[in-house]
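Colleague: missing the sequence, but the structure's below:
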């Protein structure tokens, strides 16, 4: 094989790996695992490296599998939207049999890693895939209620981390679950606001009122406000052994007020610029809140 042929083969192989990573939505999978890692650190009485490894890589594989199944099921819809038309399956670069094979391989590998932690973690990991791929994904084209359904698998990661560390489910992981559950509504509806026209091409109407209007913005504001109340529970001893100091609570509450401000700004202005700021700050809020909780736990 000459050098030109060898270079061409290397380029093809590199492109294929990029498609595999795109099928898994690696960036999204990594952000999901960030939440599960935070949950583990909040719940663990002792941090064990092999458990962290199993949780991180098991979580990446399981989330990647769910994303792959999502792209397989939504192949036709993805091909109609500007945002998703270049995905491996939607664009035709990867056939469904190949995508399905990869999805099942990484799903089995991911669940096997989660099983090494405990059976409860395995069950919640499997449940997240079923809810996301087999319930939320088909429901998206039928009703905006799909967002509510999709919030359940979306809220599992931080709870999963606590369960992986403690092998138990109670008020503590339930509180973490509820927090990430509420967070998803202002976050996702800001995205749905920005992409409303693109989603319509595929037959998706995901805003609560069906339109980027004041009623939809009010729903985002309502859930953002709910987060303010929820973050106070650990400070007042209403979240079991999940405890947070006054300083950390004050900082997180302030971050929540900023989130509410951006949601209120969208409610008043009803424009894409406000939706974009709400979407971007919601990501910052999620990340900073988890980091503050973890730091507060260990100092």
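Modeller: Sure thing, it's come through. Keep in mind it's a predicted model, so treat the numbers as computed, not measured.

Colleague: low-confidence ranges in the protein?
Modeller: Within the chain, the stretches with pLDDT under 70 are 1-14.

Colleague: Tell me how it divides into domains.
Modeller: If you go by automatic domain parsing, the domain ranges for the chain are 22-169, 170-299.

Colleague: what distance separates the start and the end of the first one?
Modeller: Terminal residues of domain 22-169 lie 33 Å apart, using C-alpha to C-alpha, to the nearest Å.

Colleague: now swap in stretch 88-99 and tell me
Modeller: End-to-end distance of stretch 88-99 (C-alpha to C-alpha): 9 Å.

Colleague: quick one on the thing from earlier: save the domains of the chain as a markdown table, and put in mean neighbour count too.
Modeller: All C-beta spots, glycine's among them, are computed from the backbone N, C-alpha and C. Formatted as a markdown table, these follow (neighbours: other C-beta atoms under 10 Å):
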| stretch | mean neighbour count |
| --- | --- |
| domain 22-169 | 19 |
| domain 170-299 | 19 |
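
Colleague: what about the helices in the stretch 51-200 of the chain?
Modeller: For the stretch 51-200 of the chain, the helices defined by DSSP state H, counting those that start in this stretch occupy 75-80, 88-91, 96-115, 119-129, 137-139, 146-166, 171-194, 196-201.

Colleague: Not counting its own residues, what contacts the fourth one?
Modeller: With C-beta atoms under 8 Å, 6 or more residues apart in numbering as the contact definition, helix 119-129 has outside contacts at 55, 58-59, 62-63, 65-66, 69, 107, 110-111, 114-115, 153, 156-157, 159-160, 163-164, 167-169.

Colleague: Now for residue 246: which residues touch it?
Modeller: residue 235.

Colleague: Could you tell me which helix of the protein is the longest one?
Modeller: helix 272-298 (DSSP state H).

Colleague: what's the spacing between that one and its chain's center?
Modeller: Remark: helix 272-298 is offset 13 Å from the chain centroid, using C-alpha atoms, centre = their mean, to the nearest Å.

Colleague: wouldn't residue 289 be in contact with residue 231 here?
Modeller: Yes - between residue 289 and residue 231 there is a contact at 7.4 Å, judged by C-beta atoms under 8 Å.

Colleague: shared neighbours, the two?
Modeller: Common contacts of residue 289 and residue 231 (C-beta under 8 Å, 6+ apart): residue 252.

Colleague: sorry, back to before: identify whichever of the helices of the stretch 51-200 of the chain lies nearest to residue 35.
Modeller: Counting by C-beta to C-beta, residue 35 lies closest to helix 146-166 out of the helices of the stretch 51-200 of the chain; the figure is 4.1 Å.

Colleague: quick check: angle from the closest one to helix 119-129?
Modeller: 160 degrees (axes from the mean of the first three to the mean of the last three C-alpha atoms, to 10 degrees).

Colleague: just checking, residue 226 touches residue 182?
Modeller: Yes - between residue 226 and residue 182 there is a contact at 4.9 Å, judged by C-beta under 8 Å.
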